[in-house]
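Student: Let's see this in three dimensions:
(one chain, ligands or ions: 1)
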Amino acid sequence: MHPIIIVHGGAGDIPESRVQGKLDGVKLAVAIGHKILEQGGSALDAVEAAVVSMEKDEYFNAGYGSVLNLRGEVEMEASIMCGKDLNVGAVTLVKDFMHPISIAHKVLTDSPHSLIGGEGAKLFALEKGFPTVPHESLISANAKSALEEFLQSGEFGRTEIGTKNEGGVGTVGAVAVDARGHVAVATSTGGMSGKVVGRIGDTPQIGSGTYADDNIGGVSTTGHGESILKYCLAHSIIKLMEGGEDANTATRNAVTGMTSRLKNTAGAITLSKDGDVGIHFSSQRMAWAYIKNDQIFYGINQNQVLKESFTSI
Ligand code: ASP
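Tutor: So this is what the prediction gives:
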């Protein structure tokens, strides 16, 4: 099996001035994950590393640059799944750590539990040696303006803010199949601007934000969390593939199905167990990138596929 990785940088009405930063960020993240796979690393390590790269980048709504809740705080969520044994790790309501996805990975490997939140997630992370960071160091100027704009408009559900005030940014995710044919998926987010304290979205919920099964494939989703979790979007795509649809058809059908039923937008990236790619979003934009046959494919607008030759980083 030739390994493959695909990443996304969040679905939404992304303003023009943030397009290039997001494209650069997804291209870097996919290159980092690709390198791990090319060196024989596992799909789990590749998706974690790709997501860590985007958690560091303020162009994305994850880690540093996460959007803020109504009290002006960051509350992050992440999940990771291993398609070999369906093992999962997820965290929610995380405040003082730079890389929620790495804590989620530790939950997968070192905890009898699947999803740990709030104080418990903090205790678990401290016990496992993750360093805390000052809460304010996770807050970007963009996230602050996004909250201000939300407080003026009151439009919950927008993860991206319009051209007037470009505060919002996007959830991140990665799906990989490694050389041994194992599938893994990771997704990480700050949620939605102006969420109530303690709100939990789709991202840490397995079957909504993330799903991986070596027998079928893997999916990471982004968009309106309350809709994605009602529709179990990631698992819906997996089920359509299990029923015989190819990765792209299943991704398109489930995303458009969710949007027509629940009147909110979303996006998803999918790989079949054989490495076939699926990408679809009902929002205006979603940044994505994957590497295949020494070429990097990427895009952010509807029906856009850009292509460049790729030399490993
Ligand atoms: N799905 C995320 C949430 O609702 C937001 C996003 O994907 O931008 O928390």
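
Student: Tell me who's in contact with residue 137.
Tutor: residue 64 (CB atoms under 8 Å, 6 or more residues apart in numbering). Any C-beta I mention is one placed from the backbone N, CA and C, and that applies to glycine too.

Student: got it, and residue 180?
Tutor: Contacts for residue 180 (CB under 8 Å, 6+ apart) come out as 1, 42.

Student: what helix or strand is it on?
Tutor: Of the helices and strands defined by DSSP states H and E, none includes residue 180.

Student: what do you get for residue 105?
Tutor: Using DSSP H and E, residue 105 sits in helix 100-110.

Student: And the contacts of that helix?
Tutor: Under CB under 8 Å, 6+ apart, the answer for helix 100-110 is 44, 48, 51-52, 55, 62-63, 76-82, 87-91, 94, 97, 113-116, 121, 124-125, 128, 130, 186, 188, 204.

Student: Excluding covalently adjacent residues, which one is nearest to whatever residue of the stretch 51-200 of the chain ends up closest to the ligand?
Tutor: Going by CB to the nearest ligand atom, the ligand is nearest to residue 171 of the stretch 51-200 of the chain, at 3.2 Å. Using CB to CB, 6 or more residues apart in numbering and skipping the chain neighbours, the partner closest in space to residue 171 is residue 189 (3.8 Å).

Student: shouldn't that neighbour be in contact with residue 200?
Tutor: No - counting by CB atoms under 8 Å, residue 200 is not a contact partner of residue 189; they are 10.7 Å apart.

Student: shared neighbours of those two, which are they?
Tutor: Residues touching both residue 189 and residue 200 (CB under 8 Å, 6+ apart) are residue 77.

Student: Of these two, which one has the most company?
Tutor: The neighbour count for residue 189 versus residue 200, taken as other CB atoms under 10 Å, is higher for residue 189 (33 against 18).

Student: and that one, what does it touch?
Tutor: The contact partners of residue 189, by CB under 8 Å, 6+ apart, come to 10, 61-62, 66, 76-78, 171-172, 201, 203, 209, 222, 225.

Student: how about the residues of the protein that lie near the ligand?
Tutor: For the chain, the residues in contact with the ligand (CB under 6 Å from any ligand atom) are 10, 61, 159, 170-171, 189, 191-192, 201-203, 222-223, 225, 228.

Student: which of those count as buried?
Tutor: 10, 61, 159, 170-171, 189, 191-192, 201-203, 222-223, 225, 228 (16 or more other CB atoms under 10 Å).

Student: next one: phi and psi at the residue of the stretch 51-200 of the chain closest to the ligand?
Tutor: Dihedral pair for residue 171: phi -50, psi 160, per degrees, to the nearest 10.

Student: Give me the distance between it and residue 223.
Tutor: 8 Å (CB to CB, to the nearest Å).

Student: just residue 176 next, same as before
Tutor: Distance, residue 176 to residue 223, by CB to CB: 21 Å.

Student: One more: residue 181?
Tutor: For residue 181, the distance to residue 223 (CB to CB) stands at 29 Å.

Student: can you tell me the residue of the stretch 1-150 of the chain closest to the ligand?
Tutor: The stretch 1-150 of the chain approaches the ligand most closely through residue 10 (4.8 Å), counting by CB to the nearest ligand atom.

Student: does that residue really touch residue 188, like I thought?
Tutor: No - Residue 10 is beyond contact range of residue 188, at 10.3 Å (criterion: CB under 8 Å).

Student: Show me whatever sits in contact with both of the two.
Tutor: When contacts are counted by CB under 8 Å, 6+ apart, residue 10 and residue 188 have 171-172 as shared neighbours.

Student: which residues are in contact with the helix or strand encompassing residue 240?
Tutor: Assessed by DSSP H and E, residue 240 sits inside helix 233-242. Defining contact as CB under 8 Å, 6+ apart, one finds that helix 233-242 is touched by 185, 202, 206-211, 213, 216-217, 219-221, 228, 247, 249-251, 253-255, 257-258, 266, 268, 270, 272, 278.

Student: likewise stretch 276-284?
Tutor: Under the criterion CB under 8 Å, 6+ apart, residues 4, 6, 8, 11-14, 217, 219, 222-223, 237, 246-252, 255-256, 258-259, 265-272, 286, 288, 290, 292, 299, 301-302 lie in contact with stretch 276-284.
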